[in-house]
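Visitor: My questions are about this predicted structure, shown below with the sequence.
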Amino acid sequence: MGGTRVELQISSATALITLDGPDTRNTLDTQAAADLVAACDEVDADAGVGVAIIVGSGNTFCSGADTRVLEALRDARADAAYDGLEQLYATFRRVGQLRVPTVAAINGAAVGAGLNLALATDLRIITDHAVLASGFAKIGLHPGGGHLHLLARAGGTASAAVAGVLARTITAEQAVAAGIAWAAVPAEELLPAAEQFVAHLAADPPLARALVGTLRRTVSDEAAWDRAIEMERARQMWSLARPRKEA
């Protein structure tokens, strides 16, 4: 089974970052995580890029962390588990720190770590049949990566409680109503809609970078996200290490 490839295409000042893992529903393994960070570094280094769009191939945005990665962490020493989780968390944090405005074009399910990735962007556009699912609690795992904070930042405390604690799936309609996504469109219109939405930013990269820098410094509480990551990390490590319940 192949892993998820991360493809970066830059055209007309727009960076398109695609998670391409048809055999894994675009899961994040350690290589994909490292490649995604590298793609972000490349975007930041190109002053001619004004916006980045993140999308998943096929009918899925990202189905979460590779289960093999999580299983390996269950039996790992504390320091190894810490480092392993950090590799995954670094992808969300790096996307959230991109120097250009970011849009997640959510074509299908965004689950667990995949939902974190979508929530790390500045704006989300979703297909009308897509779903957002926390996924963690249903498999006996505490959320990580600042998951509850990101849900609350995007859609309020109720969204964080419903998805992250009560493990309810959020539909496209509910995501738009809560403010988690800006719009829901038919699948064939997703990328054109995202590109049209940010065309003015792509046309003026210096202004785009200045605008998003101001937005994040004045509106988004980056320090709160950092604190949430550390609190969730400890509890996620605890949930990974504890004995699993019998099915």
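Guide: Received, thanks. Residues are numbered from 1 along each chain as shown.
Visitor: so who does the residue nearest in space to the middle of the chain touch?
Guide: Among the residues of the chain, the one closest to the centroid is residue 117, at 0.6 Å (Cα atoms, centre = their mean). Counting by Cβ atoms under 8 Å, 6 or more residues apart in numbering, residue 117 touches 28, 54, 61-62, 91-92, 95, 104, 110. From N, CA and C alone the C-beta is placed, and that goes for glycine too.
Visitor: Over to it. Which of the three states is it?
Guide: Secondary structure of residue 117, reduced to three states by DSSP: H, G, I helix; E, B strand; the rest coil: helix.
Visitor: Check the one 4 residues further on too.
Guide: Three-state call for residue 121 (three-state DSSP): coil.
Visitor: May I have the lowest-mean-pLDDT helix or strand in the chain exported as CSV, CA atoms only?
Guide: Least confident helix or strand of the chain, by mean pLDDT, DSSP states H and E, is helix 67-74 with a mean of 76. Backbone C-alpha positions of helix 67-74 (Å, rounded to 0.1, in the frame of the first residue of the first chain) are rendered in CSV as follows:
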residue,chain,number,x,y,z
THR,A,67,-3.2,4.2,12.0
ARG,A,68,0.2,2.5,11.8
VAL,A,69,1.8,5.6,13.2
LEU,A,70,-0.6,5.7,16.1
GLU,A,71,-0.2,2.0,16.9
ALA,A,72,3.6,2.4,17.0
LEU,A,73,3.2,5.3,19.5
ARG,A,74,1.1,3.1,21.9
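Visitor: Among the contacts of residue 117, which are located in strands?
Guide: 54, 61-62, 104, 110 (DSSP state E).
Visitor: can you tell me which two in those residues are farthest apart?
Guide: The largest distance within these, taken as Cβ to Cβ, falls between 54 and 110 and amounts to 10.4 Å.
Visitor: Neighbour count: those two, which is higher?
Guide: Applying other Cβ atoms under 10 Å to residue 54 and residue 110 shows that residue 110 carries more neighbours, namely 31 against 28.
Visitor: what pairs with the more buried one across the strands?
Guide: Residue 110 has these beta-bridge partners by DSSP bridges: residue 62, residue 132.
Visitor: So, low pLDDT: which residues of this structure?
Guide: Filtered on pLDDT under 70, the chain yields the residue ranges 1-2, 244-247.
Visitor: Confirm for me that residue 21 is in contact with residue 3.
Guide: Yes - here residue 21 lies in contact with residue 3, judged by Cβ atoms under 8 Å, at a distance of 6.3 Å.
Visitor: Give me the common contacts of these two.
Guide: Contact criterion Cβ under 8 Å, 6+ apart; residues bridging residue 21 and residue 3 by contacting each: 27, 32.
Visitor: out of those two, which sits in the more crowded spot?
Guide: residue 21 (24 against 18).
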